[in-house]
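Trainee: all I have is the shape, not the residue letters:
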């Protein structure tokens, strides 16, 4: 987090310099004004979004996802895994180490793959941010358009890549 | 923006009530506040960067490369741009919003978000580190065409409805 903040801070500083060289303090002022305007517009939704995010985090338990994986297979398994991925809370440095603990188990690898794809496409906790920080209509359209993507990705993986269990899939590749 | 606020407020109340039954609602508030405070500096900087990009992007560049008229070129650039936005949602989304505000087409913006979520380089070190290079390569390979298709569908919708 600290590293990415420093990177973002440096990028912002360089962009401000570029804005200054192009239009002086006037353009820099316009940039700050645009930033403030967007922030004020998004602020009420941001506050509510963080309340939703916090409550979701304590509602979805890891045990629930663990139980889910052993109950299903096939297309239904891909679908439920995708949704479960979208519901799984936490940033990449939390969920990747968590799901990597399933690598050596007897779970179909395509379901594991769908879970990762579902997290990336659906991510329920990211949705309030997408709506508040980008635009509600764009967020709605993006989510509708990409709705079948994790399912299709899971099916492609099952058909063309592997139908083996995670233990065999990861084991055979020496990962 | 009022409708999403109301919808999320209703959802928030519903979730608080659900957690209240399990006596977890306070932990939920704490988790939300902790996360908000944690990302506040990133959010502040990201909003400034987004504002600067909005005034910096030359109109001609947006029209030629990112606007609706740019067609597939904009979608491809959007996908690659989303991949290159190696930052979390709090930093990336204001930047994507500013690119949209500068005049980028719907297809480009949807490709940007989809490219960021499916191909984003910020997650790659965690994925490669825990699941291995080949898994990441397979996932990226399968994901890439979907980003282009998502952008293309949005581009068509943009032409038909907007």
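Mentor: Alright, I've got the coordinates. For clarity, every value in this text was computed on a predicted model and none was experimentally measured.
Trainee: in chain B, what secondary structure element scores lowest on mean pLDDT?
Mentor: The weakest-scoring helix or strand in chain B, judged by mean pLDDT, DSSP states H and E, is helix B:59-61 (a mean of 69).
Trainee: let me see the ranges of the helices in chain A.
Mentor: Counting by DSSP state H, chain A forms helices over residues A:2-59, A:62-71, A:74-87, A:92-100, A:109-121, A:127-133, A:136-145, A:149-156, A:166-172, given from the N-terminal end onward.
Trainee: any chance of those helices in TSV with mean neighbour count, distance to chain B and mean pLDDT as columns?
Mentor: C-betas here are computed from N, CA, C, even on glycine. Shown next, in TSV, are the helices of chain A (neighbours: other Cβ atoms under 10 Å in any protein chain shown; distance: least, Cβ to the nearest Cβ, whole Å; pLDDT from 0 to 100):
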stretch	mean neighbour count	distance to chain B	mean pLDDT
helix A:2-59	17	2	83
helix A:62-71	13	13	70
helix A:74-87	20	11	89
helix A:92-100	17	4	72
helix A:109-121	27	5	91
helix A:127-133	25	4	85
helix A:136-145	18	5	93
helix A:149-156	22	5	95
helix A:166-172	17	7	80
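Trainee: let's see the pLDDT reported for residue B:121.
Mentor: The pLDDT attached to residue B:121 in the predicted structure is 79.
Trainee: give me phi/psi at it?
Mentor: As for residue B:121, its main-chain torsions (degrees, to the nearest 10) stand at phi -70, psi -20.
Trainee: what about it, neighbour count?
Mentor: Close neighbours of residue B:121, defined as other Cβ atoms under 10 Å in any protein chain shown, add up to 14.
Trainee: what distance do you get for it to chain A?
Mentor: The gap separating residue B:121 from chain A is 11 Å, by Cβ to the nearest Cβ, to the nearest Å.
Trainee: touching, that residue and residue B:84? I think so.
Mentor: Yes - in this structure residue B:121 lies within contact range of residue B:84 using Cβ atoms under 8 Å: 6.7 Å.
Trainee: coming back round to it: nearest to residue B:93, of the helices of chain A?
Mentor: Across these, residue B:93 has its closest neighbour in helix A:127-133 (3.6 Å, Cβ to Cβ).
Trainee: list of residues touching that closest one?
Mentor: When contacts are taken as Cβ atoms under 8 Å, 6 or more residues apart in numbering or on different chains, the neighbours of helix A:127-133 outside the stretch itself are A:42, A:45-46, A:48-50, A:52-53, A:139, A:142-143, B:1, B:4, B:8, B:89-90, B:93-94, B:97, B:113.
Trainee: related to what we said a few turns ago, which of the helices of chain A sits closest to residue B:78?
Mentor: Between these, helix A:136-145 lies closest to residue B:78; by Cβ to Cβ that is 11.5 Å.
Trainee: counting by contacts, list what that closest one packs against.
Mentor: The criterion is 3 or more Cβ pairs under 8 Å, 6 or more residues apart in numbering or on different chains; DSSP states H and E, and the helices and strands that helix A:136-145 contacts are helix A:127-133, helix B:106-119, helix B:133-161.
Trainee: nearest to chain A within chain B, name that residue for me.
Mentor: When distances are taken as Cβ to the nearest Cβ, chain B approaches chain A most closely through residue B:32, which lies 2.4 Å from it.
Trainee: so that residue, which of the three states?
Mentor: Taking DSSP: H, G, I helix; E, B strand; the rest coil as the rule, one finds residue B:32 in the helix state.
Trainee: wait, doesn't it sit right on residue A:53?
Mentor: Yes - here residue B:32 reaches residue A:53: they are 5.6 Å apart, a contact under Cβ under 8 Å.
Trainee: who's in contact with the residue positioned nearest the centre of chain A?
Mentor: What sits nearest the mean C-alpha location of chain A, by Cα atoms, centre = their mean, is residue A:120, with 3.8 Å. The contact partners of residue A:120, taken as Cβ under 8 Å, 6+ apart, are A:85, A:150, B:117, B:118, B:123, B:143.
Trainee: go again using 7 Å as the cut-off
Mentor: Contacts for residue A:120 (Cβ atoms under 7 Å, 6 or more residues apart in numbering or on different chains) come out as B:117, B:118.
Trainee: again, but for residue A:154
Mentor: Contacts of residue A:154 were listed using Cβ under 7 Å, 6+ apart, and they are A:78, A:81, A:82, A:110, A:113, A:114, A:117.
Trainee: next up, the contacts around the fifth one.
Mentor: Read it as residue A:113. Applying Cβ under 7 Å, 6+ apart, we find residue A:113 in contact with A:153, A:154, A:157, B:139.
Trainee: hmm, 10 Å instead?
Mentor: With contacts defined as Cβ atoms under 10 Å, 6 or more residues apart in numbering or on different chains, residue A:113 is in contact with A:78, A:81-82, A:85, A:150, A:153-154, A:156-158, A:161-162, A:166, A:169, B:131, B:135, B:138-139, B:142.
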